[in-house]
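[1] build the 3D model from these lines:
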Amino acid sequence: MPDTLIVAINAANTRLNGRVETLQPIGGQIVGNTNAFSQQICNDAWRKMQNRLADLRYSGLQTETVLLAVPPAGNADPMNQAAISATGYFDGVNNAITPTLPAGLIQPYELNERPSGTTNLFTEMDRLLWALPRVPKANWNRQWLWRNNVLYLPGALVATDISLLYAQLLADFTDGTVPWFQQPIPIINCIDSLADYICREIAIARGDQPAAIAFQQSAEDNARLILNQDSAGGKSIVKNAEYQKMADKFTPKVGPDTEPVNR
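    Next up, the predicted model:
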């Protein structure tokens, strides 16, 4: 059964010794469910933990969608590139209101594509880190670039379906039928990490930089433990012992006939 947020709040209070007069002079409680700033602090910590888990590719934040019938490029000029953002689509020449990136997207992981209106298999697209090449357009995009929360594509000559695997931000804790602090935390067994992130927010507010750094390091270490629980013991058709026998040096991938080389 998931823990509720108040469990993380109580853990943070314990770690902070339950007393910081500069923030809460009456009663000395650092974080409590009645403090005006507590909800904001907890949600800030909640988002920071998710950002860390997204970097680690925690499966609990991963989801997938297909952007259907992404329009073709506005023209064949290699100079023009397409872009998909949270507000719409740019084909290199014209703006459109669709498609858009999914709400709450933290970062994309993998993209695959196929010509729209077909039952073809999806082909993996290559992620580039710095810039898309200005090359002649074809019936596919083949590559993608993530910059400033916008997905950039070379632009294809035909409409495409793009499968997008990405990390999605989970909802903040807000008041509703159930008070915010009594709501379940949708990530299982994350109390250690979330409590440390809450402590980090308090330490920053106090101007205690050494404590903030220490709590952040502990929070990130505990986030990695969440990932380990998520991925440990996975089954494979290849035994672990066999992986040790495999060559680990290959030539750059340039085609289906690329062969490994011994160095």
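[2] contacts only, for the spatially closest residue to D55 that is not a sequence neighbour.
    Of all residues not flanking D55 in the chain, Q107 sits nearest, at 7.9 Å (Cβ to Cβ, 6 or more residues apart in numbering). Every residue, glycine included, has its C-beta placed from N, CA and C. For Q107, the contact set (Cβ atoms under 8 Å, 6 or more residues apart in numbering) comprises 54-55, 146, 166-167.
[3] kindly recompute the last result at 7 Å.
    Neighbour list for Q107: 54, 146, 166-167 [criterion: Cβ atoms under 7 Å, 6 or more residues apart in numbering].
[4] ok, now L194?
    8, 45-46, 49, 185.
[5] re the thing from before, which two in the contacts of Q107 are spaced the farthest apart?
    A54 and W146 (12.6 Å; Cβ to Cβ).
[6] neighbour count: those two, which is higher?
    A54 (19 against 16; other Cβ atoms under 10 Å).
[7] local confidence estimate at that one?
    Note for A54: predicted pLDDT of 95.
[8] ok, it to P72 distance?
    Between A54 and P72 the computed distance is 31 Å (Cβ to Cβ, to the nearest Å).
[9] likewise for W46?
    Distance from W46 to P72, by Cβ to Cβ: 40 Å.
[10] for the nearest residue to S163 once chain neighbours are set aside, helix, strand, or coil?
    Among residues not flanking S163 along the chain, N112 sits closest, at 4.3 Å (Cβ to Cβ, 6+ apart). Look at N112: counting by DSSP: H, G, I helix; E, B strand; the rest coil, its state is strand.
[11] what do you get for D175?
    coil.
[12] ranges for the strands of the stretch 151-263 of the chain?
    With DSSP state E, counting those that start in this stretch, the ranges of strands along the stretch 151-263 of the chain come out as 160-168.
[13] tell me the pLDDT of the closest residue in space to V150 that isn't next to it in sequence.
    Using Cβ to Cβ, 6+ apart and skipping the chain neighbours, the partner closest in space to V150 is S85 (4.7 Å). S85 carries a pLDDT value of 97.
[14] hmm, who's touching the helix ranked longest in the chain?
    Looking across the chain with DSSP state H, the single longest helix is helix 209-231. With Cβ under 7 Å, 6+ apart as the test, helix 209-231 has contacts from 49, 52-53, 56, 58-60, 187, 189-190, 192-193, 196-197, 199-200, 203-204.
[15] buried among these? Need that as a selection in ChimeraX.
    Selection of buried members from these for ChimeraX, criterion 16 or more other Cβ atoms under 10 Å:
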select :49,52,53,56,58,60,187,190,192,193,196,197,199,200,203,204
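[16] in helices only, show me the contacts of helix 209-231.
    Those of the contacts of helix 209-231 lying in helices (DSSP H): 49, 52-53, 192-193, 196-197, 199-200, 203-204.
[17] any idea which of these is closest to L153?
    L53 (27.2 Å).
[18] how close does that closest one get to Q62?
    L53 sits 10 Å away from Q62, going by Cβ to Cβ.
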